[in-house]
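1. For reference, the sequence and a predicted model appear below.
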Number of protein chains: 2
Amino acid sequence: MIKPAPTKHIHCSDCPIRHRAVCSYADRDELDRLNAIKYYKTYPPGSEVVAAGEESTAIGSVVEGVVSLSKTMADGRRQMVGLMFPSDFIGRPNVPVAPFDALAVTEVTLCLFPRPRFERLMRDIPALERRLLEITLDELDAARDWMLLLGRKTAQEKIASFLTILARRAAAAGDSGGSLRIALPITREAIGDYLGLTIETVSRQMTALRKAGVIVLEDARNIHIPDFAALLEAAGEDSDGGLIA
Amino acid sequence: MIKPAPTKHIHCSDCPIRHRAVCSYADRDELDRLNAIKYYKTYPPGSEVVAAGEESTAIGSVVEGVVSLSKTMADGRRQMVGLMFPSDFIGRPNVPVAPFDALAVTEVTLCLFPRPRFERLMRDIPALERRLLEITLDELDAARDWMLLLGRKTAQEKIASFLTILARRAAAAGDSGGSLRIALPITREAIGDYLGLTIETVSRQMTALRKAGVIVLEDARNIHIPDFAALLEAAGEDSDGGLIA
DNA sequence: CAGCCGCATTGACCGAGGTCAACGTCGGGC
DNA sequence: GCCCGACGTTGACCTCGGTCAATGCGGCTG
């Protein structure tokens, strides 16, 4: 059994991203073992990573692209329940059957570990399990914010909130420095599924925010934000939270 | 350091409930140590367990009563993001400041552990951490179902879904055997906060379900369900899921 | 017992957002 | 270049659920 060591980030030697779950512990030998058994897989945009109810044989993280997790009702109504960006972790340990669809929104590359192997490592390495708990708790927090958005915010507040999330993510990814620009990775339909709205309402509220001067639409997929505080205001959020908060 | 043992449920000797997180590992000595440092605290109905943004000094589980977790916007709009029943775990390890209000809905008794002590034990006992990961993953799944409900279901489907959740919980708690009766633990206002609706809409849709014969209102807080399949149908859920599913 | 307060129900009305349909725009293939 | 299909925008209309207000219904206290 591996002795737990103080958590510390280390890059997998041959991997383009730092896996949030897998690479944040300090045992070098284990890292090498992990590197040996992982593999990459690429999905074209729009393709299915796993379908709801299907058995998923691998667990891993997003290297490049965007993956949406969504639930669909019998009559076709759909709600997105997760939007995963590079370094996000996908797959539920110990439960092989997926409770939602995972779709490649853009072209996607995943870094995957065979499920049984990953689960055994998780059992052997407490630090890995600890990291996974952290990630899951973060996701639960995000899910709860999302519930407030879905249950109580107006269409315009939903759109503005969505944009603040993307803006913060872009800022955190190091795109800060220049003026604030957001590249929307997803279609209006996917935004609607994310926010519990129709495409028409998404479109109308984007126009409304543009006319109010809160956002500038360079084109349909690229947005400039002249005043982040105004966007926060429109999102109905406590104005004290800055761009990084 | 404690050797991880196969997960097995053991009752804390002097505790009326089986703590999902704390008591599901097999080391007897550790259990005794845990028992030694826990304490009980009771809250009157309507009182605050912790307020959003406040530091929470303890972590533990519900022994008796119901606790709601909810987020509030600046203008007073509120969305419930969790409803905790006996044996549910409350408090986020490693993050001392609560991101939501926790309110005692009924009279509530909690079984608590001082935060620093609990966190140290978590680090020492991998099985405890593993159990907590399981719990958090379950809550995340529930949160995602809840998102589908908030984002895409009609008012009537929301009410019916809420009743199926309570019915399943009641059945799982061993109330099965007789005919299906639900005792609503919360007010119409709290139901509205749970479902993203107003009290008036909650009331109207309850009436509508009653007139449709799906439910029978014994009084405002006690509901009889003559046909669970009909309720599932009204909830817009895949009919294949039975009462226990 | 009266009076009151908190909770629930019901009705009348209205508006935010869904629905249906037309149109614009862009990009890729023949 | 032309056509076609995917994506996005805009308009007209309607419906579901929110808002405001009145009423009912116990339970509790003076």
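-> Received, thanks.
2. Would you agree A:Ile59 falls within a strand?
-> Yes: the assignment for A:Ile59 by DSSP: H, G, I helix; E, B strand; the rest coil puts it in a strand.
3. Distance of A:Ala74 relative to DNA strand C?
-> Taking Cβ to the nearest atom of the strand, to the nearest Å as the measure, A:Ala74 falls 15 Å from DNA strand C. Where you see a C-beta, it was placed from the backbone N, CA and C, and this is true even at glycine.
4. tell me, how many neighbours does the nearest residue to that residue once chain neighbours are set aside end up with?
-> In space, and not counting its chain neighbours, A:Ala74 is closest to B:Asp238: 6.3 Å by Cβ to Cβ, 6 or more residues apart in numbering or on different chains. Per other Cβ atoms under 10 Å in any protein chain shown, the neighbour tally for B:Asp238 reads 11.
5. Tell me the secondary structure of B:Asp238, please.
-> Classification of B:Asp238 using three-state DSSP returns coil.
6. Could you check the pLDDT of it?
-> What the model reports as pLDDT for B:Asp238 is 73.
7. cool, A:Asp175 as well?
-> Predicted confidence (pLDDT) for A:Asp175: 60.
8. A:Ser203 contacts A:Thr187, correct?
-> No: in this structure, A:Ser203 is not within contact of A:Thr187 by Cβ atoms under 8 Å, at 11.1 Å.
9. What is the host helix or strand of A:Ala142 packed up against?
-> Taking DSSP states H and E as the definition, one finds A:Ala142 inside helix A:126-152. Judged by 3 or more Cβ pairs under 8 Å, 6 or more residues apart in numbering or on different chains; DSSP states H and E, the packing partners of helix A:126-152 are helix A:115-124, helix A:155-170, strand B:67-72, strand B:78-84, helix B:126-152.
10. could those be laid out in TSV, adding distance to B:Thr57, mean neighbour count and mean pLDDT?
-> Compiled in TSV, the helices and strands packed on helix A:126-152 are given as follows (distance: least, Cβ to Cβ, whole Å; neighbours: other Cβ atoms under 10 Å in any protein chain shown; pLDDT from 0 to 100):
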stretch	distance to B:Thr57	mean neighbour count	mean pLDDT
helix A:115-124	31	16	87
helix A:155-170	30	20	96
strand B:67-72	17	20	97
strand B:78-84	18	23	97
helix B:126-152	18	21	94
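11. Just send these back as TSV, with distance to A:Val67 too.
-> Rendered in TSV, the data for the helices and strands packed on helix A:126-152 read as follows (distance: least, Cβ to Cβ, whole Å):
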stretch	distance to A:Val67
helix A:115-124	17
helix A:155-170	14
strand B:67-72	27
strand B:78-84	24
helix B:126-152	15
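12. I figured A:Ile159 hits A:Val202, correct?
-> Yes: under the criterion of Cβ under 8 Å, A:Ile159 is in contact with A:Val202, at a separation of 6.6 Å.
13. Between those two, which contacts overlap?
-> A:191, A:195 (Cβ atoms under 8 Å, 6 or more residues apart in numbering or on different chains).
14. secondary structure element for the closest residue to A:Ala170 other than its chain neighbours?
-> Spatial nearest neighbour of A:Ala170, chain neighbours left out: A:Ile182 (6.0 Å); criterion: Cβ to Cβ, 6+ apart. A:Ile182 belongs to strand A:180-183 when assigned by DSSP H and E.
15. Check what contacts that strand and list those residues.
-> Outside of strand A:180-183, the residues within contact range by Cβ under 8 Å, 6+ apart are A:163, A:166-167, A:170-171, A:175, A:218, A:221-226, A:228, A:243.
16. ok, and what's touching the helix or strand hosting A:Met206?
-> Element membership for A:Met206 (DSSP H and E) is helix A:199-211. Identification of contacts with helix A:199-211 by Cβ under 8 Å, 6+ apart yields A:155-156, A:158-160, A:188-189, A:191-192, A:195, A:197, A:215-217, A:234.
17. got the buried residues for it?
-> A:201-203, A:205-206, A:209 (16 or more other Cβ atoms under 10 Å in any protein chain shown).
18. what's the angle between it and helix A:155-170?
-> With axes from the mean of the first three to the mean of the last three Cα atoms, to 10 degrees applied, the angle from helix A:199-211 to helix A:155-170 works out at 70 degrees.
19. Partner strands of the next helix or strand after helix A:199-211 and their direction?
-> Going down the chain from helix A:199-211, the next helix or strand is strand A:216-219, by DSSP H and E. For strand A:216-219, the pairing partners within the sheet under DSSP bridges are strand A:222-225 (antiparallel).
20. so how far is the partner strand off the chain centroid?
-> Strand A:222-225 has its C-alpha centroid displaced from the chain centroid by 20 Å (Cα atoms, centre = their mean, to the nearest Å).
21. Then stretch A:69-86?
-> With Cα atoms, centre = their mean, you get 13 Å for stretch A:69-86.
22. Could you work out the end-to-end span of that stretch for me?
-> 14 Å (Cα to Cα, to the nearest Å).
23. contacts for that stretch?
-> Here stretch A:69-86 has contacts from A:17, A:52, A:62-68, A:90, A:99-103, A:105, A:139, A:143, A:169, A:186, A:190, A:193-194, A:196, B:144-145, B:147-148, B:151-153, B:236, B:238, using Cβ under 8 Å, 6+ apart.
24. go again using 6 Å as the cut-off
-> A:17, A:62, A:64, A:66-68, A:90, A:100-102, A:193-194, B:144, B:147-148, B:151-152, B:236 (Cβ atoms under 6 Å, 6 or more residues apart in numbering or on different chains).
25. for stretch A:114-125, same thing?
-> A:2, A:37, A:57-59, A:93, A:128-129.
26. Pipe these into CSV and attach distance to DNA strand D per row.
-> Below are these laid out as CSV (distance: Cβ to the nearest atom of the strand, whole Å):
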residue, distance to DNA strand D
A:Ile2, 46
A:Ile37, 36
A:Thr57, 29
A:Ala58, 27
A:Ile59, 29
A:Pro93, 33
A:Leu128, 38
A:Glu129, 39
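27. And the residues you listed, which is the shakiest by pLDDT?
-> Among those, A:Ile2 has the lowest pLDDT, at 33.
28. Next, count neighbours for A:Asn222.
-> 12.
29. Which residues are in contact with it?
-> Per Cβ under 6 Å, 6+ apart, neighbours of A:Asn222: A:Ala183.
30. hang on, the earlier thing: closest one to DNA strand D out of the contacts of helix A:199-211, please.
-> A:Arg188 (3.5 Å; Cβ to the nearest atom of the strand).
31. any idea how far the closest one is from A:Ile37?
-> Per Cβ to Cβ, to the nearest Å, A:Arg188 is found 40 Å from A:Ile37.
32. So between these two, which is more surrounded?
-> The residue with more neighbours, out of A:Arg188 and A:Ile37, is A:Arg188; 18 against 12, by other Cβ under 10 Å.
33. Let me know whether the helix holding A:Met206 sits next to DNA strand D.
-> Yes: judged by Cβ under 7 Å from any atom of the strand, helix A:199-211 comes into contact with DNA strand D at A:199-200, A:202-204, A:206-207.
34. Write out the residues of chain A neighbouring DNA strand D.
-> A:187-189, A:199-200, A:202-204, A:206-207, A:217, A:220-221.
35. Quick one: end-to-end distance for stretch A:192-203.
-> Per Cα to Cα, stretch A:192-203 runs 9 Å from first to last residue.
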